[in-house]
Structures are given as C-alpha cells and as structure tokens.
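**Q** Okay, predicted coordinates and the sequence, questions at the end:
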Amino acid sequence: MKTSKDRILTTHTGSLPRPKPLADLIMGREQGQNIDAATFKAQTAKAVDEVVAQQVAAGIDIISDGEMSKPSYATYIRHRVEGIAPDPRAAEKGRDIMIGRDLLAHPDFANRRRNFSDAAFPGCIGPLKYKDRSALDRDIAHLKTAAAKSNPVDVFMTAPSPGILTRFIINLHYPTENAYVAALADMMKTEYRAIVEAGFVLQIDCPDLGSCRNNQYRELTDEQFRKIAARNIEALNAATEGLPAERMRLHMCWGNYEGPHTHDFPLLQIIDIAFKARPQAISIEAANPRHDHEWEDLKTIKIPDDKILIPGMIDSTTNFVEHPRLVAQRIGRYADIVGRERVIAGVDCGFGTSVRSDPIVVDSIVWTKLRALSEGAAIASKKLWT
C-alpha cells in the first residue's frame, strides 16, 4: 500500500455517485427486470472510466471504481453466489434488523427516515458457493482499464466482510450463525484473492464492528457484542490468510446515515479488536459530529506499529462542504498520534453505499467535498513536511 512518505495521501471509502442511466439499470435488475447484459456492461465501463478520471481530477490519490456496478456494497454478492435468492422471510427480518437503538430512542425521527435502499434483503437459502466470476472479472477489467488511463497513485477495490454479510444476506439455511459466518468467509476468499492478485488494494468493509451493535445485535450486552466482533475478525483473518497485509485495508463505521447516532459503540471499545485484523490500514469515521472527538481517545492507547490510520476527514451524510483548513486541522491531530507517514486522509463512509432514487449528498457536492479533502491534505502536508 502506498503511504504518505512525502505528503499526506488522500482516498475515500469506495462508493461514489452512479450516473442515472446506470443507476436505473441497477435498480431495474434488482426489481426483477430483464436487463440487457451488453448494455449493462457498456454503461458500467463508461461509468468507471468517468469516475476514475473524476477522482484523479479532484486530487484523490488512492482511487476505486466507485462500486459502479453494484446495487450496494454488500448485496451485490447475491448475483455471484449460489445459495442466495430473494425471499419474503429475509425481507421481513432484514427490515427488523435495520432498526437501530437510536431510532427506537427517537421514534419521531425514525418516522421521517427514508428506507435504507430501494433493494430488498435477499436470503441465504442453501449452501454457499461462488458460482460465477464473470461479474468480478468484469469489474476488475474495467478498473484496470480506467486506472491505466488516469495513472493514480494507487487503486483499491471493495468487498464486504463475512460479518456484515450476516446482516444484509439473511441466514435461512445454516444451523447457527457461527456456521454461517464460516461459510461466508470461505466463499469470500474468491473475491479477496482476485482483487489482490489483480494488483489492487483490497478494502474489506466491516460495519459489523460498529454499526451492527446498534441494530443487528441491539439486544446483546457490550461484552457479548465484543465476542461477536472477535469471531468475525477471526473469520476474516482466515479468509485472507496468505494475502499480504500491506495490500489490504479495513473499513469500519457506525452506519452511513444522517441521524442521532446516540447509541454508537465507542471507538475505544472496539478498536482493539479491529487492530487484530490482518489488513495493514484501518479506515474509521472521524469527521461526523458523533465521532469527531475520538482522536483524543486514540491518544490514550498503544496503536500497533504496523498499522496505518485512514481517518475520515469529511462527512459522507451531509451537504455541508468542509473547509480545507478544517481538513488540515483534523489531519494534524492524527499525524501527532501515529506520525505523518502513517496517516492517509479519507472519508467517513461511501457517498453511494447503495443505489437510491434520491442520494443523500448530491453529485456536485460529492466532488466539491473531495476537492476540499485534497486541498486540506495539501495544507497539512506543507505544515508537516516543512
């Protein structure tokens, strides 16, 4: 993984706004429409080309394909794996799982909140087996082609953790959740290895370390949840065995939505478990009003010398555009903790976590925020390297 050796590098969390023609195709497919494969491939290739060029133009150093082909960062797996299909039982359970403790505490806000996604939750209805690499290979080929044209500093591609898949693909088959997590980890090896072997950095999305405490496991105690998180990291480490740590990063978050977040699990109560994961870099929320203060908590613990931090310097759920000077101030806090070379400036979460008919942050503001991120990194770099 490229590191901030002579300046603060910038990146984001993976998903970016999809062009409307492509978003319409994705939503149509998720709703059961017969979408022409050649049209979908052409629209995806065009979108990846454009989004890679836009990232580089905005000053983003470590770029992705923006998850252009995916309905969401997790549920896309159903198109690639045997044993997953739409099921009304899964849809009902999935809706219940998404009810967070903060929404229960603020029902007046919960009544206003839009649905998480326009796509329903699929279910695991049989043994899991990776059946078809064509979509994976297509995504890799599109990103390689686009990156070759724009020459970014580095390239990453996302894939969900086994733990988060238990929330978005509802288990209707395996006898226990432990068995289900093990099966998911074994299945995901195909994607993890393919991404690294393609020469990309693998980002593993692990909201199960934060967000799931608030909703999926809202009935557990904190200590019971920590055991779940530890199990999930063990499964992830098994799934990535043999892959170089320096070609992987892990993203954890507390749910990518504008809301109270009054019951978010504190970073200090879960970061020790995250540090046990094999990926070298850890991406965390650090800009939104509920987690902006936690840099102070990180000062109180020993951060492993082999870990790199990717703190979010801009928020992904509001249309406020952060001032570059604020971004630089935030970067400085983390550089003081682990050193400038071990900080990469990131984004709290994705701007296109799922395909929506009404994106939370409008497209033009996404790119304005990313330019503010790169401008802030330039200001911080000048201070840190002079």
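**A** Everything's here; your move.

**Q** for the protein, what helix or strand is lowest in average pLDDT?
**A** helix 88-97 (a mean of 86; mean pLDDT, DSSP states H and E).

**Q** Figure out the helix or strand that Leu202 lives in.
**A** strand 201-205 (DSSP states H and E).

**Q** right, and the helix or strand after that strand?
**A** helix 211-214.

**Q** Starting from that next one, tell me the next helix or strand along the chain.
**A** In N-to-C order, the element after helix 211-214 by DSSP H and E is helix 222-239.

**Q** In three-state terms, label Ile77 for me.
**A** helix (DSSP: H, G, I helix; E, B strand; the rest coil).

**Q** That one: neighbour count?
**A** When neighbours are defined as other CB atoms under 10 Å, Ile77 has 24 of them. The way it works is simple: take the backbone N, C-alpha and C, and place the C-beta from them, glycine included.

**Q** swap in Ser69?
**A** 24.

**Q** how about the strands in the protein?
**A** Assigned by DSSP state E, the strands in the chain fall at 9-10, 62-63, 81-86, 122-130, 154-160, 170-171, 201-205, 248-251, 281-284, 308-314, 344-347.

**Q** Just put those strands in TSV and tack on mean pLDDT and mean neighbour count.
**A** Shown next, in TSV, are those (pLDDT from 0 to 100; neighbours: other CB atoms under 10 Å):
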stretch	mean pLDDT	mean neighbour count
strand 9-10	98	26
strand 62-63	98	26
strand 81-86	95	18
strand 122-130	96	18
strand 154-160	98	22
strand 170-171	96	22
strand 201-205	98	25
strand 248-251	98	26
strand 281-284	98	26
strand 308-314	98	26
strand 344-347	98	29
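
**Q** Identify whichever of these lies nearest to Glu219.
**A** strand 170-171 (16.6 Å; CB to CB).

**Q** Give the pairing partners of that closest one; include direction for each.
**A** Next to strand 170-171 in the sheet, as set by DSSP bridges, lie strand 122-130 (parallel).

**Q** Include distance to Ile337 when you put the strands of the chain into JSON lines, please.
**A** Formatted as JSON lines, the strands of the chain follow (distance: least, CB to CB, whole Å):
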{"stretch": "strand 9-10", "distance to Ile337": "17"}
{"stretch": "strand 62-63", "distance to Ile337": "21"}
{"stretch": "strand 81-86", "distance to Ile337": "40"}
{"stretch": "strand 122-130", "distance to Ile337": "39"}
{"stretch": "strand 154-160", "distance to Ile337": "23"}
{"stretch": "strand 170-171", "distance to Ile337": "39"}
{"stretch": "strand 201-205", "distance to Ile337": "22"}
{"stretch": "strand 248-251", "distance to Ile337": "18"}
{"stretch": "strand 281-284", "distance to Ile337": "12"}
{"stretch": "strand 308-314", "distance to Ile337": "8"}
{"stretch": "strand 344-347", "distance to Ile337": "14"}
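
**Q** can you tell which of those strands is closest to Thr353?
**A** Of all the strands of the chain, it is strand 201-205 that lies closest to Thr353, at 9.2 Å by CB to CB.

**Q** Run the chain-centre distance for the closest one.
**A** 8 Å (CA atoms, centre = their mean, to the nearest Å).

**Q** hmm, who's touching it?
**A** Strand 201-205 is contacted by residues 1, 13-14, 62, 64, 73-74, 154-161, 164, 192, 195-196, 236, 240, 243, 247-251, 277, 279, 283 when judged by CB atoms under 8 Å, 6 or more residues apart in numbering.

**Q** Same check on stretch 368-382?
**A** 7-10, 12, 55, 58-60, 313-314, 321-328, 330-332, 335, 345, 347, 361.

**Q** Report pLDDT for Ile228.
**A** On the pLDDT scale, Ile228 is placed at 98.

**Q** begin at 6 from here
**A** Will do, 6 is the new start, and the previous item becomes Ile233.

**Q** Could you name the stretch from the strands of the chain that's closest to Ala146?
**A** Judging these by CB to CB, what sits closest to Ala146 is strand 159-165, at 11.7 Å.

**Q** phi, psi of the nearest residue to Thr163 once chain neighbours are set aside?
**A** Leaving aside its chain neighbours, Thr163 sits nearest to Gly19 (4.0 Å; criterion: CB to CB, 6 or more residues apart in numbering). Backbone geometry at Gly19, expressed as degrees, to the nearest 10, gives phi 130, psi -50.

**Q** which residues touch Gly19?
**A** Ser69, Gly71, Glu72, Tyr78, Phe161, Met162, Thr163, Gln208, Asp210, His256, Gly355.
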